[in-house]
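Colleague: give me coordinates for this.
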Amino acid sequence: QVHLQESGPGLVEPSHTLSLTCTVSGDSISTEYRFWNWIRQPPGKGLEWIGYIAYDGDTYYSPSLKSRTSISRNTANITVWLQMVSLKPEDTAVYYCTLDRMEGRSWGQGTQVTVSS
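Modeller: Just a heads-up that it's a prediction; the model follows:
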């Protein structure tokens, strides 16, 4: 059974860079037809898709976040990273790592990120 675990700094100052890690167990990042997503949920709002990295390394981002976002991976250690630059208070949210595959979507538990000085 796949398990996803997000980790990150918790509190980030405005204009700084956010780096989040998703550690994966029970699956392989490079197995075909896997899509590793980052999704967030601001307080009191719905889910917002940020982007994904595919099993072949291709990436695709939300147009509204593309200029500030990068998703990468380490296949050896089964890790997926999210980097977001020039953070704003409205980037405050719970950030989730998810896996899409034939069997459906699996979610991590999420990690809270607060952007504040």
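Colleague: C-alpha only now, for contacts and for neighbours.
Modeller: Noted.
Colleague: the nearest residue to residue 37 once chain neighbours are set aside: neighbour count?
Modeller: Distances taken as CA to CA, 6 or more residues apart in numbering put residue 52 closest to residue 37, at 4.1 Å, once the chain neighbours are dropped. Close neighbours of residue 52, defined as other CA atoms under 10 Å, add up to 27.
Colleague: what helices or strands is the host helix or strand of residue 52 leaning on?
Modeller: Element membership of residue 52 [criterion: DSSP states H and E] is strand 48-54. Applying 3 or more CA pairs under 8 Å, 6 or more residues apart in numbering; DSSP states H and E, one finds that strand 48-54 contacts strand 35-41, strand 59-61, strand 69-74.
Colleague: any idea which of those is most buried?
Modeller: Most buried of the helices and strands packed on strand 48-54 by mean neighbour count (mean count of other CA atoms under 10 Å) is strand 35-41; its value is a mean of 23.
Colleague: tell me the contacts of the most centrally placed residue in the chain?
Modeller: Centroid check for the chain by CA atoms, centre = their mean gives residue 38 as the closest residue, at 2.9 Å. Contacts for residue 38 (CA atoms under 8 Å, 6 or more residues apart in numbering) come out as 49-52, 82, 95-98.
Colleague: now it, nearest residue through space, not along the chain?
Modeller: Nearest residue to residue 38 in three dimensions, chain neighbours excluded: residue 97, at 4.8 Å (CA to CA, 6+ apart).
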